[in-house]
Each structure stands twice: as structure tokens, then as C-alpha cells.
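**Student:** Pasted the sequence and its predicted model underneath.
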Amino acid sequence: MSGEFERDLVKRAKKDPETFGLIYDKYYQPIFGYILRRTANVALAEDLTAQTFLKALKNLWRFRWQNVTISAWLYRIATNEVNSYYRKKKGFKNVSLEEAKNLKSDINVLEEIQKAEEELQKEKDFLLLHKKIAKLKPKYQTVIALRFFEKKKVSEIAQILGKPEGTIKAQIHRALRQLKKLLEENETKN
């Protein structure tokens, strides 16, 4: 969406909640994908995505155009929902390999066996990585997910989290260093 179109859409949605449906249609998949990669749980991701958009709808009147796009605002709400969930749960639930197979909606059941094996290995790698990322502090989990799973630029992450770019760069660096250490510990155990 162009900035002017998005601005007009938000303005109309503030007066007519049904117009919010266009924002929902545009951003549901990216927000759901972000939350899914943070939680590795489809049902939980669906719930948290629904909560994200419900909060966005209820608080749309608060949204102001102060160098923050509607996309960044939605990612910020989603990040807060995920972090809030983990604070309440004090960790994350292990996901079975069967559940993990459902993480990618674009996997075709009739794919060749070799491709299915490759995908299964990717899922195993993803689950291992997810377990290690989940051991990081929530602020580090957030910057890793936004930078590497959502492919956001440092400037976009800074906008989403409302922090200076230098802080984001430092958090990414620290998170990667801690993640590397956790992965190396895993290799020495195997």
C-alpha cells in the first residue's frame, strides 16, 4: 500500500470499522506468519493473530502518523501479544514433529519423497532453532524474528519497537552471539 492510500484507509477505518477489513486482509498473512515463527504453534498463532487485530481495531483511534506505518504498528502489537503470552506461560510448549509438519501451509502432500524429506529436515532444523531462540530473552527473540524471519531492515525494526537503530543493532549482535553459543552447546552434546 502506498503511504497516502494507507493513511486514507486508516482515516476511513477510524470512522467505519468495516473498512478495517481491508487492513486486515492486507496484513493478516504477514502478521500470522510472524507470530507462527515466534510460537511454532498454529493454533496459538491463530489466537494471537486474532488478538492482535482485535486490539488494533479497538485502539485504531489512538494510531497517529508519527513516522510509524500501520504495518509497523501491527507488528508492534503482535510482538507485545507474543511476549505477553510467554511472560504468562514462563516459557514455551515443546511442539511435536507432527505439529511442526503443519507449520508451512505451502507444503503439498503429493510432493516427491525427496522434497518431503528435505522439508522434514528443514522443520527439524526450525524446531531446534526455535527451541534455542526461545531460551533467549524476549527482546532478543523479537529482534531475531523480525530481522531474519520477517526480513525487516534495522530501520523497520527500530520503528516497530520504538527504539533507536543503534540499540537494535546491538540487540541483534548480542542475540546472535547468545544463539551461536546455545547452538554450539547443542553440537557438543550430540
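**Tutor:** Received, thanks.

**Student:** mind checking the backbone torsions on K135?
**Tutor:** phi -80, psi -10 (degrees, to the nearest 10).

**Student:** so how far is Q171 from H130?
**Tutor:** From H130 across to Q171, the span is 19 Å (CB to CB, to the nearest Å). (C-beta placed from N, C-alpha, C; glycine too.)

**Student:** swap in I77?
**Tutor:** 20 Å.

**Student:** How about E18?
**Tutor:** 39 Å.

**Student:** Same drill for those two, tell me which one is more crowded.
**Tutor:** Set side by side, E18 and Q171 give different neighbour counts by other CB atoms under 10 Å, the larger being at Q171 (21 against 8).

**Student:** How about the contacts made by the nearest residue to that one once chain neighbours are set aside?
**Tutor:** Among residues not flanking Q171 along the chain, V143 sits closest, at 4.7 Å (CB to CB, 6 or more residues apart in numbering). Residues in contact with V143 (CB atoms under 8 Å, 6 or more residues apart in numbering) are I157, L161, I168, Q171, I172, A175.

**Student:** for the residues you listed, which one is nearest K137?
**Tutor:** Using CB to CB, A175 is the member of those that lies nearest K137, at 8.2 Å.

**Student:** which helices and strands does the helix or strand harbouring that closest one pack with?
**Tutor:** If you go by DSSP states H and E, A175 is part of helix 165-189. Helix 165-189 is packed against helix 113-133, helix 138-144, helix 154-161, with contacts defined by 3 or more CB pairs under 8 Å, 6 or more residues apart in numbering; DSSP states H and E.

**Student:** what's the most buried one of the ones you listed?
**Tutor:** Of all those, helix 138-144 has the most neighbours on average by mean count of other CB atoms under 10 Å, namely a mean of 22.

**Student:** chain center to it, what's the gap?
**Tutor:** 10 Å (CA atoms, centre = their mean, to the nearest Å).

**Student:** Ok, stretch 78-89 next?
**Tutor:** 11 Å.

**Student:** Now for the protein, the helix or strand with the poorest mean pLDDT.
**Tutor:** Among the helical and strand segments of the chain, the one scoring lowest on mean pLDDT, DSSP states H and E is helix 97-101, with a mean of 48.
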